[in-house]
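Novice: only geometry, no sequence info:
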Ligand SMILES: Nc1ncnc2c1ncn2[C@@H]1O[C@H](COP(=O)(O)OP(=O)(O)OP(=O)(O)O)[C@@H](O)[C@H]1O
Ligand SMILES: CC(=O)N[C@H]1[C@@H]2OC[C@@H](O2)[C@@H](O)[C@@H]1O[C@H](C)C(=O)O
């Protein structure tokens, strides 16, 4: 199960795996958070970021404790809905702060009460997938590449698998199985915030608002001039990392449709900026995550990239399930002590196991 940066809910999926190979893919669902939990998680994210700047977010903070409990209960509902017969649960939790080495620290913080989830479900729970990597000097993200590689075992290479969530990330898989991965930039996050502010909707549904406007070239150029894009991988982002440049870019003053079009072009442009960091051009880009449902984003991506861009469904995958499925496979890898991260994915010094396990496998 994964609770992503867009704070929309918990994604859960059932997967048959030994952590290396993927067998049957079972049911999946997204259990949305209610507006109250979404608002409180957002406030927690803001407070964790302020705390990182020195204002303190104590571990017994009442909002923190309350959010952790509500989030964990929602995850238990997701287990009851899709994983009643599962042997093992992978529980990512919600990232509220991400400051890996080179980006202001050596800290990544996912909230969720794994012990409570184990108690509620009666199942072993793998959790805390990122800390060991960050402690070893890695980025702690992205973690999905090892799963992408297993899923794409039979597909022609080199291949790029792109996730467009609140933040974007890409996995490049070479012909010999080599992996290069990194966060590409903000994806739907800024667009969601813009849509919420200008239309009251949770996102720009199907890209309708963006399609009615035009990208502002100077604002776009200022956004894409952010030094993150020229940084070589490994690299990863916190959802709020681009807050300042977004405020200072002049985007704020744009009309609603032009602002949305500019943020769509920014999402596509940040992926295209990642192309130069790949060892070789991929044969194609397979896109998962909610951003593939935004027609304006998919058009802009295809315009920005020289290779074909197709939704994950083009090769029979479920683009909404990939992250949750990944944490099922990663959970099995935690249980078996297999590496989760690699020099090419997070900058780990060597293939590195990670995660913690509560309980025992049957
Ligand atoms: N029909 C749609 N039209 C436009 N955008 C959509 C649509 N459906 C989903 N989205 C976008 O996808 C986002 C959710 O994507 P997803 O669930 O992949 O993100 P996440 O997993 O929370 O984030 P991350 O991968 O960064 O952790 C929504 O916030 C919205 O921006
Ligand atoms: C710190 C954190 O939670 N990062 C997320 C976020 O959401 C997308 C992108 O940024 C990705 O790198 C990562 O999640 C996916 C599941 C990953 O680790 O592969």
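Specialist: It's in. All figures in this text were calculated on a predicted structure; none of them were measured in a lab. Ligands and ions are numbered 1, 2, ... in the order given.
Novice: Which residue comes closest to residue 123 once chain neighbours are left out?
Specialist: Closest residue to residue 123 in three dimensions, ignoring its sequence neighbours and counting by CB to CB, 6 or more residues apart in numbering: residue 89, at 5.2 Å. C-beta coordinates here come from the backbone N, C-alpha and C atoms, glycine included.
Novice: for the helix of greatest length in the chain, packing partners?
Specialist: Using DSSP state H to assign secondary structure, the helix with the most residues in the chain is helix 62-82. Here helix 62-82 is seen to pack against strand 9-17, strand 22-32, helix 35-50, strand 107-111, helix 114-121 when contacts are counted using 3 or more CB pairs under 8 Å, 6 or more residues apart in numbering; DSSP states H and E.
Novice: Would you tell me which one of these is buried the most?
Specialist: Looking across those with neighbours counted as mean count of other CB atoms under 10 Å, the highest average goes to strand 9-17: a mean of 23.
Novice: Could you tell me the average pLDDT over that strand, please?
Specialist: Confidence for strand 9-17, expressed as mean pLDDT, is 98.
Novice: which intervals of this protein have sub-threshold pLDDT?
Specialist: Using pLDDT under 70 as the threshold, the predicted model of the chain has low-confidence ranges 52-56, 103-104.
Novice: Contact residues of it facing ligand 1?
Specialist: Contact residues (CB under 6 Å from any ligand atom) of the chain with ligand 1: 4-6, 8, 163, 165-167, 188, 192, 203-207, 289-291, 293-294, 323.
Novice: residues in contact with residue 251?
Specialist: Residues touching residue 251, when contacts are defined by CB atoms under 8 Å, 6 or more residues apart in numbering, comprise 194, 216, 219, 223, 259, 262-263.
Novice: any chance you could map the strands in this protein?
Specialist: Listed in chain order, the strands of the chain (DSSP state E) span residues 2-3, 9-17, 22-32, 89-91, 94-99, 107-111, 125-127, 159-164, 167-173, 179-186, 285-288, 309-311, 356-358.
Novice: Please convert the ones you listed to CSV, extending it with distance to residue 235.
Specialist: Written out in CSV, the entries for these read as follows (distance: least, CB to CB, whole Å):
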stretch, distance to residue 235
strand 2-3, 20
strand 9-17, 24
strand 22-32, 27
strand 89-91, 24
strand 94-99, 12
strand 107-111, 14
strand 125-127, 24
strand 159-164, 15
strand 167-173, 10
strand 179-186, 5
strand 285-288, 19
strand 309-311, 22
strand 356-358, 25
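Novice: Wait, residue 282 touches residue 307, no?
Specialist: Yes - under the contact definition of CB atoms under 8 Å, residue 282 touches residue 307, with a separation of 5.8 Å.
Novice: okay, these two: which has more neighbours?
Specialist: A side-by-side neighbour count of residue 282 and residue 307, using other CB atoms under 10 Å, places residue 282 first with 24 against 15.
Novice: Not counting sequence-adjacent ones, nearest residue to that one?
Specialist: What sits nearest to residue 282 in space, not counting adjacent residues and going by CB to CB, 6+ apart, is residue 160, at 3.8 Å.
Novice: Also residue 128?
Specialist: For residue 128, ignoring the flanking residues on the chain, the nearest one in space by CB to CB, 6+ apart is residue 356 at 4.6 Å.
Novice: Can you give me every residue that contacts the one you found?
Specialist: 114, 126-128, 334.
Novice: again with residue 131
Specialist: Residue 131 makes contact with 108, 140, 354, according to CB under 8 Å, 6+ apart.
Novice: The last one against residue 126, yeah?
Specialist: No - counting by CB under 8 Å, no contact exists between residue 354 and residue 126, whose distance comes to 9.8 Å.
Novice: tell me which of the contacts of residue 356 is nearest to ligand 2?
Specialist: In terms of CB to the nearest ligand atom, no member of the contacts of residue 356 lies closer to ligand 2 than residue 128, at 12.2 Å.
Novice: What distance do you get for the closest residue to ligand 1 within the stretch 251-362 of the chain to ligand 2?
Specialist: For the stretch 251-362 of the chain and ligand 1, the shortest gap (CB to the nearest ligand atom) falls at residue 290, measuring 1.9 Å. Distance from residue 290 to ligand 2, counting by CB to the nearest ligand atom, to the nearest Å: 11 Å.
Novice: what's around that residue, how many residues?
Specialist: Taking other CB under 10 Å as the criterion, the count of residues near residue 290 is 22.
Novice: Tally up the residues packed near residue 327, please.
Specialist: 28.
Novice: Next, the contact list for it, please.
Specialist: Contacts of residue 327 (CB under 8 Å, 6+ apart): 1-2, 90-92, 129.
Novice: can we see that at 6 Å?
Specialist: 2, 90, 92 (CB atoms under 6 Å, 6 or more residues apart in numbering).
Novice: Likewise for residue 304?
Specialist: Residue 304 touches 268, 272, counting by CB under 6 Å, 6+ apart.
Novice: repeat for residue 49
Specialist: residue 240.
Novice: Number the residues from 41 up from this point.
Specialist: New numbering, starting at 41: the last item is residue 89.
Novice: Of all the residues in stretch 270-287, which ones are buried?
Specialist: Of the residues in stretch 270-287, 273-283, 285-286 count as buried by neighbour count, 16 or more other CB atoms under 10 Å.
Novice: That one near ligand 2 at all?
Specialist: Yes - using CB under 6 Å from any ligand atom, we find that stretch 270-287 touches ligand 2 at 276-277.
Novice: Can you pull out the residues in contact with that stretch?
Specialist: Residues outside stretch 270-287 that contact it (CB under 6 Å, 6+ apart) are 45, 89, 138, 140, 179, 181, 206-207, 222-223, 226, 229-230, 266, 317, 386-387.
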